[in-house]
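Trainee: Just a sequence and a predicted model for now, questions to come.
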Amino acid sequence: MLDSRIAEARRALAPARFVLVLTGAGVSAESGVPTFRGPGGYWRNRHFSELANPDAFASEPRTVWDWYLERRSTVRLCTPNAAHAALAAWAARRHADGEPRGALVTQNVDGLHERAGHPEVIRFHGSLWRNRCSACGAEREDEALHHAELPVSPCCGALERPGVVWFGEAIPRAALDAAYDAVQAADAALVIGTAGVVYPAAALVESVRAAGAPVVEVNPDEDYGLGERGAFGGVWLRGPAGAIVPRLLAED
Ligand code: BJW
C-alpha cells in the first residue's frame, strides 16, 4: 500500500517545474529533536506555547532563555537524518543547471537542514543559534550553551532575546518575501513533518493547493490527530520522514 502511495507521490512531483517544500518539527524527530505538539511539547511542566511568546520573555526572561539554552544543548548533540540528507541532495540536483526549481521553507530553528548541506533554506521562524537585540532588533550568531548572565547586545547594551519568531510576532520580512515568491512559482508542494496548524506557514501550502497544484505530505501522525486526509488533503504518505523521504526523492 505504502509502495503504491509513494509511486503516486513521485508521479505527482515528477512534472513539477518548481516545488515548494515546507518542513516542520517532525523532519527532525528522528534526529532526536523533540516536536512541539507531541509528548515532548512540555519543558519542566510548562507547555511550549506558554514559553514561545513575547509576554513570557518580558516576565520571565531567565526561564525562557534556559529553555532555549537547553534546546541548544540537545540539538548540538543531534545530527541530520536521512530525510534532511535526501532533501539536500534532491535540492542540489534540482539546482544543478543554476535555475532554481524549488525552495525549502522550514519552520524549524534547529539548523539541521543547513548542517545537511541544503543549498538554500528559508528560515521562517528564525534560528536557535542567533540572538536578537531587544532594543534595535540587530541579530548576531551565538552558539553558547550556557549564559551565566542574560546576554546583552553589543550594539545597544540591551537585553538580547532568542532570534526566533514567537506567537503574535511577524515572520522576518526577507523570509516572508522569499516564501511568497516560492508560492507564486510553485506548481507542487511537499510538506514534511508539520502539524500544519501554525500560520502563516500553513497558508503557504494552502495557497499552492488552492491554485490546483498537487500536494504531497509525509507524516506518521502517531498521536497528533491530523484527520483522515492529513493536514493538507493531498497525497498523504503515512510514515516517518527518515524512511519515506529518501524513497520519495530517490533518483530514477
Ligand atoms: C513526524 C515525525 C517523523 C512526528 N517524520 N513527521 C490564522 C488562523 C489562526 C491563528 C493565526 C492565523 N494567523 C496567525 C495566527 C496566530 C498564530 C497561529 O498560527 N496560531 C495557531 C497555533 C492557532 N501565528 C502567529 O502568531 C505567527 N505570527 C503571526 O501571525 O504574526 C502576525 C503579525 C503580522 C505583522 C506584525 C505582527 C504580527 C507566528 C507563529 C510563530 C510560531 N512559533 C513557534 C516557536 C518558534 C521558536 C521555537 O522553536 O521555539 O514555531 S511555535 C511552534 O509551532 C514552532 C514551530 O515551528 C511551529 C509549527 O510546529 P510544527 O513544526 O508543525 O511541529 P508540531 O510539533 O506541531 O508537529 C510535528 C508534526 O511532525 C506532527 O504532525 C507529527 O505527526 C509529525 N512527526 N514524527 C515526519 N518521524
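Mentor: Here it is on my side, so go on.

Trainee: Phi first, then psi, for residue 212.
Mentor: Backbone geometry at residue 212, expressed as degrees, to the nearest 10, gives phi 90, psi 10.

Trainee: Same question for residue 118.
Mentor: Dihedral angles (degrees, to the nearest 10) for residue 118: phi -60, psi 130.

Trainee: And it, how far from residue 251?
Mentor: For residue 118, the distance to residue 251 equals 17 Å [C-beta to C-beta, to the nearest Å]. Where C-beta positions appear, they are placed from N, C-alpha and C, glycine not excepted.

Trainee: more crowded one of those two?
Mentor: Remark: of residue 118 and residue 251, residue 118 carries more neighbours, 22 against 6, as counted by other C-beta atoms under 10 Å.

Trainee: Work out for me the element the closest residue to the more buried one other than its chain neighbours sits within.
Mentor: Spatial nearest neighbour of residue 118, chain neighbours left out: residue 88 (4.3 Å); criterion: C-beta to C-beta, 6 or more residues apart in numbering. Following DSSP states H and E, one finds residue 88 within helix 82-94.

Trainee: name the helices or strands packed onto that helix?
Mentor: strand 19-23, strand 102-106, helix 112-115, helix 241-248 (3 or more C-beta pairs under 8 Å, 6 or more residues apart in numbering; DSSP states H and E).

Trainee: any residues touching that helix, and which ones?
Mentor: 19, 21, 23, 27-28, 30-31, 80, 100-102, 104, 112-113, 115-120, 192-193, 218, 241-246, 248-251 (C-beta atoms under 8 Å, 6 or more residues apart in numbering).

Trainee: Buried ones among the residues you listed?
Mentor: 19, 21, 23, 27-28, 30-31, 80, 101-102, 104, 112-113, 116, 118, 192-193, 218, 241-246, 248-249 (16 or more other C-beta atoms under 10 Å).
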